[in-house]
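In: Here is my input; please provide its structure:
(one chain, ligands or ions: 1)
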Amino acid sequence: MTQLQACDLKASYGDFQALYGIDLVLNQGEMLAIIGANGAGKTSLLRALSGTLPAQGRDITLHGRPIGHLPAHEIVALGIAMIPEGRRLFPSLDVEENLLMGAYVGRPGPWSLRSVYRLFPDLMAFRKTPATQLSGGQQQMVAIGRALMSNPEILLCDEVSLGLAPVIVRRVYQAFPEIRRQGVSIILVEQDIRQALSSADRMMCLCEGRVVLQGKAQAFGQEEISRAYFGVD
Ligand code: ATP
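Out: Residues are numbered from 1 along each chain as shown. A predicted model of the protein is given here:
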């Protein structure tokens, strides 16, 4: 069943157009990977879906309801949470305070401090530690936990593996099946194509603001993906 849909989605930064008419469907319970080279428009797409970059036209719907014109805080309240690239934790707050910031929208659901600590037991010992004193991997866990604390139905993840050692990336990715078991759908922007495609159901490859390849995550060979990724005809 279609949960989130964008039709002919366009977005710009001033005169610079970053997205040229993206069509996107996210089905209930699905994990969709968005891949593409630097500057392809992946972050811009997540920002447009989350309301932090104005989408042109009123062309995004959640369960059929238009949301493209809503401000970001209303979109979070409707159940779409974003984990931004670079994590953006509150540096003066400890881990628990950062997590609690995610709960401000007051949406009911399965996620609480207890369930986030169950998902990421490593964080328990750092509850009262300033978030910025944690390792990169632990900070990423806090960022995911903070987004879950808003009890989202859709999680938008921007480059969760960025700057992390492979063993830590695997630890972070191990959380996704459990997050999905709780009914959360996921759109994942990733540079680590192998990791993304091994976890996702479907993939979409962007190049210069357009969708150049999409389908089942395991449907394409490496060469086909590389050509789409680098915009080779
Ligand atoms: P990366 O992997 O480097 O994060 P991306 O695929 O996420 O790349 P975007 O960050 O969405 O790409 O950027 C798409 C295009 O929009 C790029 O050409 C980028 O330079 C431009 N862009 C992004 N943010 C801004 C901004 N705040 N102002 C102007 N142009 C921007």
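
In: Quick check: residue 100 touching residue 113?
Out: Yes - using Cβ atoms under 8 Å, residue 100 is in contact with residue 113, at 7.4 Å. All C-beta spots, glycine's among them, are computed from the backbone N, C-alpha and C.

In: okay, and the common contacts of those two?
Out: Common contact partners of residue 100 and residue 113 (Cβ atoms under 8 Å, 6 or more residues apart in numbering): residue 149.

In: neighbour-wise, which of the two wins?
Out: residue 113 (17 against 14; other Cβ atoms under 10 Å).

In: so how far is the ligand from the more buried one?
Out: 31 Å (Cβ to the nearest ligand atom, to the nearest Å).

In: Could you do residue 181 as well?
Out: 28 Å.

In: and that residue, how many neighbours?
Out: 10.

In: cool, and residue 104?
Out: 12.

In: secondary structure class for it?
Out: What DSSP: H, G, I helix; E, B strand; the rest coil gives for residue 104 is helix.

In: Give the closest residue to it in space, chain neighbours not counted.
Out: residue 150 (7.8 Å; Cβ to Cβ, 6 or more residues apart in numbering).

In: Got phi/psi on that neighbour?
Out: Dihedral pair for residue 150: phi -90, psi 10, per degrees, to the nearest 10.

In: can you list contacts of the longest helix seen in the chain?
Out: Using DSSP state H, we find that the single longest helix of the chain is helix 136-148. The contact list for helix 136-148, computed with Cβ under 8 Å, 6+ apart, reads 81-84, 87-89, 95, 98-99, 101-102, 111, 115-116, 119-120, 122-123, 126, 131-132, 134, 155, 157, 160, 163-165, 168, 171-172, 175, 179, 184.

In: filter those residues to the buried ones?
Out: 81-84, 87, 89, 95, 98-99, 102, 111, 116, 119-120, 123, 126, 131, 134, 155, 157, 160, 164, 168, 171-172, 175, 179, 184 (16 or more other Cβ atoms under 10 Å).

In: Would you check how far apart residue 178 and the ligand are?
Out: As judged by Cβ to the nearest ligand atom, residue 178 and the ligand stand 27 Å apart.

In: Looking at the helix or strand hosting that residue now, give me its mean pLDDT.
Out: Using DSSP states H and E, the element containing residue 178 is helix 175-181. The pLDDT scores in helix 175-181 average 94.

In: tell me which parts of this protein are close to the ligand?
Out: Applying Cβ under 6 Å from any ligand atom, one finds that the chain approaches the ligand through 13, 16, 18, 36, 38, 39, 40, 41, 42, 43, 44.

In: swap the cut-off to 8 Å and go again
Out: 13-14, 16, 18-19, 36-47, 85, 158-159, 189, 191, 206, 209 (Cβ under 8 Å from any ligand atom).

In: For stretch 182-190, C-alpha coordinates in PDB please.
Out: Listed next in PDB are the C-alpha coordinates belonging to stretch 182-190 (Å, rounded to 0.1, in the frame of the first residue of the first chain):
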ATOM      1  CA  GLN A 182       8.200  -1.800  14.700                       C
ATOM      2  CA  GLY A 183       6.400  -0.700  11.600                       C
ATOM      3  CA  VAL A 184       8.800   2.000  10.400                       C
ATOM      4  CA  SER A 185       9.400   2.500   6.700                       C
ATOM      5  CA  ILE A 186      12.800   3.800   5.700                       C
ATOM      6  CA  ILE A 187      14.300   5.900   2.900                       C
ATOM      7  CA  LEU A 188      18.000   5.600   3.100                       C
ATOM      8  CA  VAL A 189      20.500   7.900   1.300                       C
ATOM      9  CA  GLU A 190      23.800   6.200   1.100                       C
END
